[in-house]
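>>> this is a predicted model, with the sequence first.
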Amino acid sequence: MPLNEIIIDEIDRAAGAAVLLVKNANLKLKNTYSFSDGNVLGEFVFSALNAAKSIDGNNFYVSEKTDKTWLFGTPDADKILEETIDDKTILDNSLIILSVNCRDAKYKDAAQRKLFIDKLERCIALTEKRPSIKLCFMTIIETPRELPEGITSLAEREYDYFLAHKTPTDAEKFYLELEEICRRRVRDNGAQVNLLRYTNVFGPNIDLIEDFSFEEFIKKSAETGCIEITQTDAEHYFAYTYIVDAFTAILSVIASNKNGNIFNVAAKAVSLKEIKEAFHDAFSNIYSLKVDIAPSDKKYYHCLNSLKLGKYGWTDFTCLDDNVYRMGLFYTDKLYDMLRMIPVYSGRLEKIKKLELDILKFVDKICRENNIKYFLAGGSLLGAIRHNNIIPWDDDLDIGMLREDFEKFRKLCPNLMEKPYTYESPQNDSGSHYHFDKIRLENTYFSTQYSSNFKIKDGIFFDIIVYDQTSNNKFLTYLHMRALKMWTRVINVKWFNKVRPNVHYRLTKIALPIMRIIPFSFFHWALEIMLKFYRRKKNAKYLVDGVGQNIMKGPFPKEWVEEIKYVDFGDMKAPVPVNSEAYLTHFYSNKYMELLPISRRTSGHHIARIDLGGYLFDDVPDKTFRDVNILGELYEDENKA
């Protein structure tokens, strides 16, 4: 089955969580072996670990899977091992992740149960012989039947007592047998085992909610055009876990450094009524809603709780509405609406892009009339090549210039500014101390968490990135880049004018009182000297992005951006380097034409304030009836012009 964007994103989100937790908890995952009875949860765990490439060591998958249909991407052949568990197969310093679906009908067969129990005992035996090997045992169990009146969820030991006083089902008997094996081997032999209990897990290709199938529900809703909610849907509550949260639970157990523990994994209590309502809210333009519910005080709970696991840092970071939306997209093969990922713009993003394109047209006119060469740079170039427009989820524009063109532009442009645009530079009295010049739209606010700390007219902006020559010698180039990066940080510290915990705290605390005495002009003068250090080098072959965010990506050949061509960009033609492919590969890898996973399709800006004033309204002729005053709105005077 080909991977759609929902599966790709869930694997990416889980892999990102793995990398972050391993880093924060200082875990040493040398080798992981994912053993599965063929259930989809085990396969997802392997795929997520395999995608977390920054985790040291090897990741292998051992499964009873026979059809070779991989639901989460086909792994490399050397990652798949034969169904063997012995001293030769498993390396030292390894984590074994063993998963079983106790609800699987095949375990009604005593022979199948015996086969899995043999596998479990062989895994446990390895942890007894070699303490550097640990076992994380994932069990998918039946949802608890109705709990005692007034009780909404069961803790780890309560669940065992609950089953002990009931007549267990076949699936519950099988689970209890597995748990008892683990208990006996940990207690008597010192085995290194932790056990996780899952009940209702769902996600793309994972439909493990008991007595409910997302796939069948969505199929039926599509056929009838209607979502039906019944009395039973409203009265019964069960604990669910989305697949990404199910995966991070494993990492939290590993990070706990505990042994011999049972952990319930259950994110939240939910009813089918709430799931169906969330589905309708997401697709109300497609489906009607039929509710057949009488007034009732009845609530029946069938939940485990995860308070114990929460003690070790686990929490669900997904939300029901988005999880249900993703399931709907997966089973209908629809694309994710990116506006859900960027609600901060409140529907303004397309207007912001139009205003930025207007600035670009203004700059383009100046450059053409004065024979100044520029080209789209950074993410704007990527947008031009991949989308023929600004990247759909991006919110700014960048142009690039070589030093000689920029010097000419900086000299001419401030004098050619026309309302409503302003030229912002550390070289004029705008109050800006960015390392690059900007052109802004007056009487708007587009403030980031960073820029909102300063008293500047912080409107819609347009960045000008300068590419400076550097040495042809790799070591001297490295020194040049390090010096530029260090000095731009120094300017940032002076401008912010506060000691920040994560920015060289001790050094800043000592240096800042001295830096306050020195005028900004010195810092910018020194930066210009560094940037232009190789300006007169006649045979310079390489350039650096000395004032942007990509300086440590390294130098790139000057010839890549010496010639330009024009391409479609929004409703205009814009210049791009002739060798855009090499430039984009350098800054974004050779996969630059591939879209990022959904969750990473966000702007690099952390927005603090957006206010477009009159530019929000198409039918308002006077866009600037009141000029912005950075002291506050009540200081503003009406524009009499």
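Here it is on my side, so go on.
>>> give the buried residues for the helix or strand Phe174 falls within.
Assigned by DSSP states H and E, Phe174 falls within helix 170-189. For helix 170-189, burial by neighbour count (16 or more other Cβ atoms under 10 Å) applies to Ala171, Glu172, Phe174, Tyr175, Leu176, Leu178, Glu179, Ile181, Cys182, Arg183, Arg185, Val186. C-beta: built from backbone N, CA, C; applies to glycine.
>>> could I get those residues as CSV with pLDDT?
As requested, those are exported to CSV (pLDDT from 0 to 100):
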residue, pLDDT
Ala171, 95
Glu172, 95
Phe174, 96
Tyr175, 96
Leu176, 96
Leu178, 97
Glu179, 97
Ile181, 97
Cys182, 97
Arg183, 96
Arg185, 96
Val186, 96
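>>> before we move on, back to that, could you identify the helix or strand that succeeds the helix holding Phe174?
strand 193-198.
>>> using CSV, write out every CA atom in the helix or strand just after that following strand.
Heading C-terminal from strand 193-198, the first helix or strand you meet, by DSSP H and E, is strand 200-203. C-alpha atoms of strand 200-203 as CSV (Å, rounded to 0.1, in the frame of the first residue of the first chain):
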residue,chain,number,x,y,z
ASN,A,200,-8.2,1.0,22.2
VAL,A,201,-5.5,2.3,19.9
PHE,A,202,-6.1,4.0,16.5
GLY,A,203,-4.3,5.8,13.8
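>>> which strands and helices sit next to strand 200-203?
strand 206-208, strand 236-242, helix 243-256, helix 320-332 (3 or more Cβ pairs under 8 Å, 6 or more residues apart in numbering; DSSP states H and E).
>>> helix or strand: which one has Thr143?
In the assignment (DSSP H and E), Thr143 maps to no helix and no strand.
>>> quick check: pLDDT value at it.
At Thr143, the pLDDT value in this model is 94.
>>> I'd like the numbering to begin with 741 instead of 1 from here.
New numbering, starting at 741: the last item is Thr883.
>>> how far off centre is the worst-scoring helix or strand of the chain on mean pLDDT?
Scoring the helices and strands of the chain by mean pLDDT, DSSP states H and E places strand 798-803 at the bottom, with a mean of 73. Chain-centre distance of strand 798-803: 25 Å, with Cα atoms, centre = their mean, to the nearest Å.
>>> what helices or strands is that strand leaning on?
strand 771-776, helix 780-791.
>>> lowest average pLDDT across the ones you listed?
Lowest mean pLDDT of those: strand 771-776, a mean of 83.
>>> which strands or helices does the lengthiest helix in the chain pack on?
Counting residues, the longest helix found in the chain (DSSP state H) is helix 1214-1236. Under the contact criterion of 3+ Cβ pairs under 8 Å, 6+ apart, helix 1214-1236 touches strand 1201-1210, helix 1245-1257, helix 1260-1271, strand 1282-1285.
>>> isn't there a helix covering Phe1186?
No. Per DSSP: H, G, I helix; E, B strand; the rest coil, Phe1186 lies outside any helix segment and is strand.
>>> what is the neighbour count of it?
Phe1186 is flanked by 24 other residues according to other Cβ atoms under 10 Å.
>>> was I right to think it contacts Ile1200?
Yes. Shown here, Phe1186 and Ile1200 form a contact pair, counting by Cβ atoms under 8 Å, at 4.8 Å.
>>> can you list residues touching both of those two?
Ile1092 (Cβ atoms under 8 Å, 6 or more residues apart in numbering).
>>> contacting residues around Trp1227?
Contact analysis of Trp1227 by Cβ under 8 Å, 6+ apart lists Phe1263, Ala1266, Leu1267, Met1270.
>>> identify the residue spatially nearest to the second one, adjacent ones excluded.
Counting by Cβ to Cβ, 6 or more residues apart in numbering, Trp1227 is the residue found nearest to Ala1266 once chain neighbours are left out, at 6.5 Å.
>>> returning to that earlier point: packing partners of the helix holding Phe914?
Using 3+ Cβ pairs under 8 Å, 6+ apart: helix 910-929 touches helix 850-869, strand 874-880, helix 896-904, strand 933-938.
>>> chain center to the longest helix of the chain: distance?
Put simply, helix 1214-1236 sits 28 Å off its chain's centre (Cα atoms, centre = their mean).
>>> for Lys1093, which of the helices and strands packed on strand 798-803 is the nearest?
Nearest to Lys1093 among the helices and strands packed on strand 798-803 is helix 780-791 (31.9 Å), distances taken as Cβ to Cβ.
>>> what helices or strands is that closest one leaning on?
helix 745-764, strand 771-776, strand 798-803, strand 834-841, strand 874-880, strand 946-948, helix 983-996.
>>> any idea of the angle that helix forms with helix 983-996?
70 degrees (axes from the mean of the first three to the mean of the last three Cα atoms, to 10 degrees).
>>> then helix 780-791 to CSV, C-alphas only?
The C-alpha trace of helix 780-791 is given here as CSV (Å, rounded to 0.1, in the frame of the first residue of the first chain):
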residue,chain,number,x,y,z
VAL,A,780,0.0,-3.4,13.2
LEU,A,781,1.0,-1.6,16.5
GLY,A,782,4.3,-3.5,16.5
GLU,A,783,5.0,-2.6,12.9
PHE,A,784,4.4,1.1,13.6
VAL,A,785,6.8,1.0,16.5
PHE,A,786,9.5,-0.4,14.3
SER,A,787,8.8,2.1,11.5
ALA,A,788,9.0,5.1,13.9
LEU,A,789,12.3,3.9,15.5
ASN,A,790,13.7,3.3,12.0
ALA,A,791,12.8,6.8,11.0
